[in-house]
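[1] Kindly return the folded structure for what I paste below:
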Amino acid sequence: MADTPPLSTTGNPALKLDAQLCFALYSTLLGVNKVYRTLLRELDLTYPQYLVMLVLWERDERNVSDICSQLYLETATLTPLLKRLEARGLVNRRRSPSDERQVIVSLSEAGRALYAQVQHIPGCMSEALSCSQDDIVALRKQLLTLRDALFQHV
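    I've put the predicted structure just below:
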């Protein structure tokens with residue numbers, strides 16, 4: 001058995017790990033998450049919590065389903081995030097007076113104040129990526145096109 005060549009040397013070269021787009025994306029996201037983890041540690045935020053806060057900073061008073069839709073998350077994933085943000089005093093959750101089935105999420109004063117503390121993060125990410133702003137815009141556009149194509153197939 002020791003003389004048997006690895007399948008990857010005799011088989012389909014498209015099945016090599018380094019040929020996989022999914023692995024390139026996955027390993028890149030690991031690096032992105034590590035940078036964000038470092039930047040967000042001082043704010044005591046996780047990356048998913050930061051994404052929720054970004055959504056609310058764009059437009060406050062959002063229902064849970066809107067946030068789920070924008071972040072591509074399931075309610076079962078978002079609800080614990082919201083509970084932790086609420087426990088930290090960054091957001092408030094309440095039932096919609098017009099439809100008790102809907103939960104409205106809004107920023108607290110502390111959540112609004114946190115916005116001033118995250119202003120440096122985009123610049124730090126640009127620096128960590130070692131890309132020009134034009135390169136980042138082009139890459140983001142390519143990734144969104146890829147994401148949209150993938151979601152058409154699920």
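
[2] low-scoring stretches of the chain, by residue?
    By pLDDT under 70, the weakly predicted segments of the chain are 1-2, 6-10.

[3] All the strands of this protein, residue numbers only.
    For the chain, the strands defined by DSSP state E occupy 62-63, 91-95, 103-107.

[4] for the first one, the distance to its chain's centre please.
    Translated: strand 62-63. Computed by CA atoms, centre = their mean, to the nearest Å, the chain-centroid distance of strand 62-63 equals 18 Å.

[5] Packing partners of that strand?
    Contacts defined by 3 or more CB pairs under 8 Å, 6 or more residues apart in numbering; DSSP states H and E place strand 62-63 against strand 103-107. Just so you know, the C-beta spots here come from the backbone N, C-alpha and C atoms, and that holds for glycine as well.

[6] Partner strands of the strand it packs on, with direction?
    In the sheet, strand 103-107 lines up against strand 62-63 (antiparallel), strand 91-95 (antiparallel) (DSSP bridges).

[7] Which residues does the shortest one contact?
    If I follow you right, that is strand 62-63. Contacts of strand 62-63 with the rest of the structure, by CB atoms under 8 Å, 6 or more residues apart in numbering, involve Val55, Leu56, Ser96, Gln102, Val103, Ile104, Val105, Ser106.

[8] Name only those of those that count as buried.
    Among the contacts of strand 62-63, the ones that count as buried by 16 or more other CB atoms under 10 Å are Val55, Leu56, Val103, Ile104, Val105.
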